[in-house]
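**Student:** Show me how the following folds:
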Amino acid sequence: MFYCTRCGFKLFASNYLEIDRHELFNHIKSLLEKARVPPAEVAEQLLKSDEPAVALRDMVTFLADHKSKENEEVNKEKVRQCHRLKKMEGVRRKAKSAN
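**Tutor:** Sure thing, here's the model as predicted:
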């Protein structure tokens, strides 16, 4: 799956909001590096408002929420992996004690 890059965001902002710079650009670009978001979702967020300041503010909120949801999923997967490893260790111990 492809994720939106800094350059992709800048292109979307130029095309949809008709702006080339804004005080929130650097913050958004930084969030994009951490939150893996498909380009279509970024475009959709930018199209929600004709007002650049509103669209960019909402983009910051969206990316921050997306990143925290992504982190939750990563943490859940780590816990699942840990449980699987513990289960495997228990099986190995039982096999050793049976021998």
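**Student:** From Phe62, how far off is the residue most central in space within the chain?
**Tutor:** Central residue check for the chain by C-alpha atoms, centre = their mean: the C-alpha nearest the mean position is that of Ala35, 2.5 Å away. Look at Ala35 and Phe62: by C-beta to C-beta, to the nearest Å, they are 9 Å apart. Any C-beta I mention is one placed from the backbone N, CA and C, and that applies to glycine too.
**Student:** Kindly report the same for Phe9.
**Tutor:** Per C-beta to C-beta, Phe9 is found 12 Å from Phe62.
**Student:** what helices or strands is the helix or strand that Cys7 is a member of leaning on?
**Tutor:** Here Cys7, judged by DSSP states H and E, is contained in helix 6-12. Using 3 or more C-beta pairs under 8 Å, 6 or more residues apart in numbering; DSSP states H and E, the elements in contact with helix 6-12 are helix 25-34, helix 39-46.
**Student:** For Arg80, which of the ones you listed is the nearest?
**Tutor:** In terms of C-beta to C-beta, the element of those nearest to Arg80 is helix 25-34, at 22.5 Å.
**Student:** can you list the residues that contact stretch 30-42?
**Tutor:** Under the criterion C-beta atoms under 8 Å, 6 or more residues apart in numbering, residues 1-6, 8-9, 12, 59-60, 62-64, 66-67, 70 lie in contact with stretch 30-42.
**Student:** just the CA coordinates of that stretch, formatted as PDB?
**Tutor:** The C-alpha atoms that make up stretch 30-42 are tabulated as PDB, following Å, rounded to 0.1, in the frame of the first residue of the first chain:
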ATOM      1  CA  SER A  30       6.000  15.800  10.200                       C
ATOM      2  CA  LEU A  31       2.800  14.100  11.100                       C
ATOM      3  CA  LEU A  32       2.600  12.500   7.700                       C
ATOM      4  CA  GLU A  33       6.000  10.900   8.200                       C
ATOM      5  CA  LYS A  34       4.700   9.200  11.400                       C
ATOM      6  CA  ALA A  35       1.100   8.400  10.400                       C
ATOM      7  CA  ARG A  36       0.800   6.200   7.400                       C
ATOM      8  CA  VAL A  37      -2.200   7.600   5.500                       C
ATOM      9  CA  PRO A  38      -3.200   6.700   1.900                       C
ATOM     10  CA  PRO A  39      -3.200   9.700  -0.500                       C
ATOM     11  CA  ALA A  40      -6.900   9.400  -1.100                       C
ATOM     12  CA  GLU A  41      -7.600  10.000   2.600                       C
ATOM     13  CA  VAL A  42      -5.400  13.100   2.700                       C
END
